[in-house]
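1. Need coordinates for the below:
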Amino acid sequence: VQAVHPDGEVAVARAAANRGVIMGLSSFASKPVEEVAEANPNVFFQMYWSGDRDAMVQRMERAKKAGAKALIATLDWSFSNGRDWGSPTIPEKIDFRTAMKMSPAVLRHPGWLWKFGKTGKIPDLTAPNLTPPGGKAPTFFGAYGEWMQTPPPTWEDVEWMRKEWGGKFMLKGVTRVDDAQRAVDAGVDALSVSNHGGNNLDTTPATIRVLPSIA
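-> This next block holds a predicted model:
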């Protein structure tokens, strides 16, 4: 979704670097990890359990080669077809039909249109960090489909990912004490207490309420 800005995650990385803040880069990001790590040396690469193990190893090795300092494994994303009324539409790609359909909204934001116009490009809605060797970057929804079709990981899978990465490893999505304890047993270095912002599942406990017991 940061493809809405020409510089996307690279701009966020520069801002974070200016404030001495670590940048967490999603594997679904609109900018390659190499460009983001160049803008901010303190980048953590965030991955979903998606695809087969060979694909995940390739993504980890690419991030490591780009200079990512740590890996964040995200387990708190959930799938739901439900959308709030008024949620913006995210197109699969920008083609002529999509451009015509969205042109009324675009014309109401001439500053945004001018900013993109100066780049000579249109928003790229692919996920370049998920590009297979010798292949093309999938669209966001293509990447989302891969994640949907991948069986959820076990604790053994989490331990495998930590060992395969071989560096600092954070597990994101912990909201229970027993899960926190199992994560420590799996050898993680840090926990992110998160329910993915309550995304899709708005009845999950607020993370601020479960943080003290986990800590």
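2. Give me the mean pLDDT for the longest helix along the chain.
-> Ranked by residue count, the top helix of the chain under DSSP state H comes out as helix 53-66. Regarding helix 53-66, the rounded mean pLDDT is 97.
3. other SSEs contacting it?
-> helix 33-39, strand 43-48, helix 155-165 (3 or more CB pairs under 8 Å, 6 or more residues apart in numbering; DSSP states H and E). From N, CA and C alone the C-beta is placed, and that goes for glycine too.
4. Report the distance from the first one to the chain centre.
-> Counting by CA atoms, centre = their mean, to the nearest Å, helix 33-39 is centred 15 Å from the centre of its parent chain.
5. in that helix, what counts as buried?
-> 33, 35-37, 39 (16 or more other CB atoms under 10 Å).
6. Okay, helices next: where are they in the protein?
-> Going by DSSP H, the chain shows helices at 8-18, 33-39, 53-66, 96-107, 110-117, 140-148, 155-165, 177-185, 207-214.
7. Would you mark the buried spots in the third one?
-> In other words, helix 53-66. Neighbour-count burial for helix 53-66 [16+ other CB under 10 Å]: 56, 58-60, 62-64, 66.
8. Next one, pLDDT for the residue nearest to the spatial centre of the chain please.
-> Nearest to the centroid of the C-alpha atoms of the chain, with distances taken as CA atoms, centre = their mean, sits residue 26, at 2.5 Å. On pLDDT, residue 26 comes in at 95.
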